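**Q** no sequence for this one, just the structure:
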C-alpha cells in the first residue's frame, strides 16, 4: 500500500508522520472510531486499520469484521494480522509446553498442619525467617496469573505490521516518531491510556479527544444507523464477568462448550504454576460456576460467598479459610 499521504489526512505536508494506523478490535469503541474517521468527524483519515486476530474470537466478532471490511464501509484498507491461535496456545500450556500466559485464576490449597515460615524484620528493616509454625486450618488462596496474551497476540503483531508498512522490517528504527497509532479508548477507560514505548511511534486516542464514552459511541452508531458491534474479547477470556459468561452459555452454546473444554484442560500441568487453574474467578469448573450477577442478589459483591477481598503481590485475590 502507499504510505501516508498528508493531503489525504488533511494535514501539512511537512509532518514527520509517514503512517497513521488505526488499531481495530471490532468492538464498540474501535468500530466507532473507524466509522467516525470515515465520516471525516475526527479531522484526520488513517492510512489503514489493523485487526490482530487471536483465532479465538466469537463468531459475532468475525461477522462484524466481515461487514467492516466489505465494500463502501471504510475508505481505507483493513489489514488482518495474527501471531497464531490463542486457543492452541492454551492447550499447549495444558500439555506443559511454553505459552503466553493469560490472566486466569490459580487456586492453591494449603492443608492444615502445613509448616509455614515465621518472618520478622532485622535491624536493617529486611524480612528474615526467625522460625516456623504449623497452620491450624486449611487455607485456599486464589490469585490472578500474569497477562502476556495481549502483548503477544495483539500488540506485537500490530507493531510488526506497522513496521512492515513503513519499510522498517529488520531495519534500525528512526529516533523520532514516523508512525501514529490510533487506539479506541473512551473516557470511561481513560486509565488505560499509555504512551508508546517506541521512539518511532506515538499513540493517539481520538475518542478521548472527542470526549466520548462507550455510551456516546453506541449513541453515535444508532444515529447513523450502524449495527451495534459485539463485545470483542477471546471466547475464554478470564476477565469475563458473570453476565458475559451467562450470555455466552445461553446465546452461543458452541463457544460456551469450547470454553468449558479449555477450562478443564487448564486445570493442572501448566509449567511453574502451583495449584489448579481456572477461567472463572470463583475457581470452580466453568460449567459448574454460579453465573448469577450482583443484580440478581441485590448487592455488588461477587465471588465465593465466604471470600474476603484481599490484595497481595500486585494481584487481587480471595483468601478462604475453611474450618
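**A** Alright, I've got the coordinates. Since the model is a prediction, treat every value here as computed from it, not as a measurement.
**Q** now do stretch 266-276: distance to the chain's middle.
**A** Distance, stretch centre to chain centre, for stretch 266-276: 21 Å (Cα atoms, centre = their mean, to the nearest Å).
**Q** and the strands in the stretch 101-250 of the chain?
**A** With strands called from DSSP state E, counting those that start in this stretch, the stretch 101-250 of the chain shows them at 105-110, 115-121, 127-134, 138-144, 179-182, 201-204.
**Q** and the helices in this protein?
**A** Ranges of helices in the chain, per DSSP state H, are 6-9, 28-38, 59-68, 86-94, 149-150, 156-166, 206-209, 214-223, 242-251, 253-265, 294-297.
**Q** out of those, deepest packed?
**A** The highest mean neighbour count among those, using mean count of other Cβ atoms under 10 Å, belongs to helix 28-38: a mean of 23. C-beta: built from backbone N, CA, C; applies to glycine.
**Q** in CSV: the helices of the chain, plus distance to residue 118 and mean pLDDT.
**A** Listed next are the helices of the chain as CSV, based on distance: least, Cβ to Cβ, whole Å; pLDDT from 0 to 100:
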stretch, distance to residue 118, mean pLDDT
helix 6-9, 64, 41
helix 28-38, 50, 98
helix 59-68, 51, 98
helix 86-94, 35, 96
helix 149-150, 38, 96
helix 156-166, 44, 98
helix 206-209, 49, 98
helix 214-223, 49, 98
helix 242-251, 39, 97
helix 253-265, 37, 98
helix 294-297, 39, 77
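**Q** what's the closest of the ones you listed to residue 274?
**A** Smallest distance to residue 274 across these (Cβ to Cβ): 14.6 Å, for helix 86-94.
**Q** and that closest one, how far from the chain's centre?
**A** How far helix 86-94 lies from its chain's middle: 16 Å, per Cα atoms, centre = their mean.
**Q** and stretch 192-207, by the same measure?
**A** 17 Å.
**Q** can you give me the buried ones in that stretch?
**A** For stretch 192-207, the neighbour count (16 or more other Cβ atoms under 10 Å) marks 196, 198, 200-201, 203-207 as buried.
**Q** quick revisit: residue 61: which of the strands of the stretch 101-250 of the chain is closest?
**A** strand 179-182 (19.2 Å).
**Q** these two touch, right, residue 93 and residue 270?
**A** Yes - under the criterion of Cβ atoms under 8 Å, residue 93 makes contact with residue 270 at 5.1 Å.
**Q** low-confidence ranges, the protein, go.
**A** When residues are selected by pLDDT under 70, those of the chain lie in 1-14, 110-111, 114, 138, 299-323.
**Q** which segments of it make up each domain?
**A** Using automatic domain parsing, the domain ranges for the chain come out as 6-86+148-223, 105-144+236-322.
**Q** now do the shared contacts for residue 93 and residue 270.
**A** Taking Cβ atoms under 8 Å, 6 or more residues apart in numbering as the contact rule, residue 93 and residue 270 both touch residue 99.
**Q** related to what we said a few turns ago, tabulate the helices of the chain (a markdown table), appending distance to residue 280.
**A** Shown next, in a markdown table, are the helices of the chain (distance: least, Cβ to Cβ, whole Å):
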| stretch | distance to residue 280 |
| --- | --- |
| helix 6-9 | 45 |
| helix 28-38 | 24 |
| helix 59-68 | 21 |
| helix 86-94 | 15 |
| helix 149-150 | 17 |
| helix 156-166 | 28 |
| helix 206-209 | 31 |
| helix 214-223 | 24 |
| helix 242-251 | 7 |
| helix 253-265 | 7 |
| helix 294-297 | 15 |
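**Q** among these, which comes closest to residue 46?
**A** helix 28-38 (5.7 Å).
**Q** how far out from the middle of the chain is the closest one?
**A** 19 Å.
**Q** so what's the residue count around the spatially closest residue to residue 163 that is not a sequence neighbour?
**A** Counting by Cβ to Cβ, 6 or more residues apart in numbering, residue 169 is the residue found nearest to residue 163 once chain neighbours are left out, at 5.6 Å. Each residue near residue 169 was counted by other Cβ atoms under 10 Å, and the total is 10.
**Q** how near is residue 169 to residue 152?
**A** From residue 169 across to residue 152, the span is 19 Å (Cβ to Cβ, to the nearest Å).
**Q** try residue 21
**A** 19 Å.
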